[in-house]
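S.K.: Got a sequence here, can you model it:
(one chain, ligands or ions: 1)
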Amino acid sequence: MMNRQIVLRSRPESNPTADNFEIVHVAVPPVTDGNVLRRTMYLSLDPYMRGRMSDAESYAASVAIRQVMVGHTVSQVIESRNPQFAAGDFVAGYDGWQEFGISSGRELRKLDPAHAPLTTALGTLGMPGMTAYVGLLDIGQPKAGETVVVSAASGAVGSVVGQIAKIKGCRAVGIAGSPDKCRYVVEELGLDACVNYKSESFREDLAGACPSGIDVYFENVGGAVFVAVMRLLNVNARIPLCGLIADYNAAKMPSGPNLRPILVKRALIKGFIVFDHNDRAPAFLKDCGQWFREGRLKYREDIVDGLEHAPTALLKLFDGRNFGKLIVRVSDDPTRT
Ligand SMILES: NC(=O)c1ccc[n+]([C@@H]2O[C@H](COP(=O)([O-])OP(=O)(O)OC[C@H]3O[C@@H](n4cnc5c(N)ncnc54)[C@H](OP(=O)(O)O)[C@@H]3O)[C@@H](O)[C@H]2O)c1
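M.R.: Model prediction:
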């Protein structure tokens, strides 16, 4: 049996292109004692992948040239020589951009499709959802009645941040890049307002949507959006610094923001990486699982068909052409017929 894989061919200087990747075919090795072979059904595409393509110093190792691109996956076990897994089981793992994964299974988490659609393990009930949960609740510490602002508000992380802010009794304001996305954030996700950062009146619109200032700003993008938010911060504001996607393709580092508002407003800004907070996974799965079952965590997915389209699909994240959690369907999902 052959395994189709996508490997990193070259490192981008600025914007990645499909040419940075290459499709290769290798034989699937035999399943030895203790190992689990699974077929990838879904591959998650996430902004952090841009960092893995680069050899600049970061919080995680780069993908080597000719190495299979990394990524979270949902798969079905097709052969198991590990008693903890049986053929037919659905699992969440980190098999990367390939059709088959094989390992001892230590990193796999079993999924029950009766509990939630399998793809949610890559979004609302997976890494992006946990990022939202940890960043907002542990660092942002929102209190009922406060104003929480979140950028990239229609996306995988931002959509969960805004809805948890509402669950916690806050005024929740989104920032997103199109009228369609803003409408979705208010009408479907239930946030109080959403402003389009590409509009000429963005700064005034944001001020109008935050009449009592901003107590928590969940930062996903950086750049001009962050500058606009800074002047509305309240005293003792908290800023979970989750991502800076506006800068991920920059060929040289942008000059820093004016930090004076952080000083004057005694604001707390804290960067965080979700995998440092794995001890919070049980609480995240319990709370978000319950809110999900209660219909209080809505989600939207942008599903692209075919592993071969992963390289071009990834680019959508960096110009906002994705609308919802970006996922590649690698093979058929027997639970969705
Ligand atoms: N710290 C952590 O552990 C951690 C974990 C997961 C994710 N993250 C970060 O969280 C952020 C959101 O990730 P996600 O997976 O939820 O992605 P996403 O929001 O589903 O997709 C990315 C979105 O970013 C926005 N964007 C892209 N380029 C932009 C620019 N130049 N200026 C402003 N907005 C831009 C686009 O939305 P618009 O159309 O609205 O512009 C795009 O749809 C990223 O910064 C990511 O790196 C951090």
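S.K.: all contacts plus neighbour counts: C-alpha atoms, from now on.
M.R.: Will do.
S.K.: And the strands in the stretch 101-250 of the chain, which stretches?
M.R.: When secondary structure is read from DSSP state E, counting those that start in this stretch, the stretch 101-250 of the chain shows strands at 109-111, 147-151, 171-176, 193-196, 214-218, 233-241.
S.K.: and the closest residue in space to Val221 that isn't next to it in sequence, what is it in contact with?
M.R.: Using CA to CA, 6 or more residues apart in numbering and skipping the chain neighbours, the partner closest in space to Val221 is Leu244 (4.1 Å). By CA atoms under 8 Å, 6 or more residues apart in numbering, Leu244 lies in contact with Glu219, Asn220, Val221, Gly222, Gly223.
S.K.: so, in contact with the ligand or not, stretch 205-221?
M.R.: Yes - counting by CA under 6 Å from any ligand atom, the ligand has neighbours in stretch 205-221: Asn220, Val221.
S.K.: average model confidence for that stretch?
M.R.: The average of the pLDDT scores along stretch 205-221 is 98.
S.K.: What residues sit buried inside that stretch?
M.R.: Going by neighbour count (16 or more other CA atoms under 10 Å), the buried part of stretch 205-221 is 205-207, 209-210, 213-221.
S.K.: Now do the residue most central in space within the chain against the ligand, distance only.
M.R.: Residue closest to the mean C-alpha point of the chain, counted by CA atoms, centre = their mean, is Pro128 at 3.8 Å. Going from Pro128 to the ligand by CA to the nearest ligand atom, to the nearest Å gives 5 Å.
S.K.: Could you double-check that that residue sits in contact with Val161?
M.R.: No - between Pro128 and Val161 there is no contact under CA atoms under 8 Å: 9.8 Å.
S.K.: Close to the ligand: what parts of the stretch 151-300 of the chain are there?
M.R.: Checking the stretch 151-300 of the chain against the ligand by CA under 6 Å from any ligand atom, the hits are 152, 155-158, 176-177, 220-221, 242-246, 272-274.
S.K.: Not counting sequence-adjacent ones, nearest residue to Ile214?
M.R.: Leu233 (4.8 Å).
S.K.: and the one you found, what does it touch?
M.R.: With CA under 8 Å, 6+ apart, Leu233 has these contacts: Gly213, Ile214, Asp215, Pro261, Lys265, Ala267.
S.K.: Ramachandran coordinates for the first one?
M.R.: For Gly213, the backbone dihedrals are phi 80, psi -170 (criterion: degrees, to the nearest 10).
S.K.: Contact partners for it?
M.R.: Contacts of Gly213 by CA under 8 Å, 6+ apart are Thr147, Ala207, Leu232, Leu233, Asn234.
S.K.: Kindly report the same for Ala64.
M.R.: Leu8.
S.K.: Low-confidence stretches in the chain?
M.R.: Along the chain, segments meeting pLDDT under 70 span 337.
S.K.: looking at the strands of the stretch 101-250 of the chain, which is closest to Gly256?
M.R.: strand 233-241 (14.4 Å; CA to CA).
S.K.: by how many degrees do the closest one and strand 147-151 diverge?
M.R.: In terms of direction (axes from the mean of the first three to the mean of the last three CA atoms, to 10 degrees), strand 233-241 departs from strand 147-151 by 40 degrees.
S.K.: Strand 233-241 vs strand 214-218, what angle?
M.R.: 10 degrees.
S.K.: Cheers, nothing more for now.
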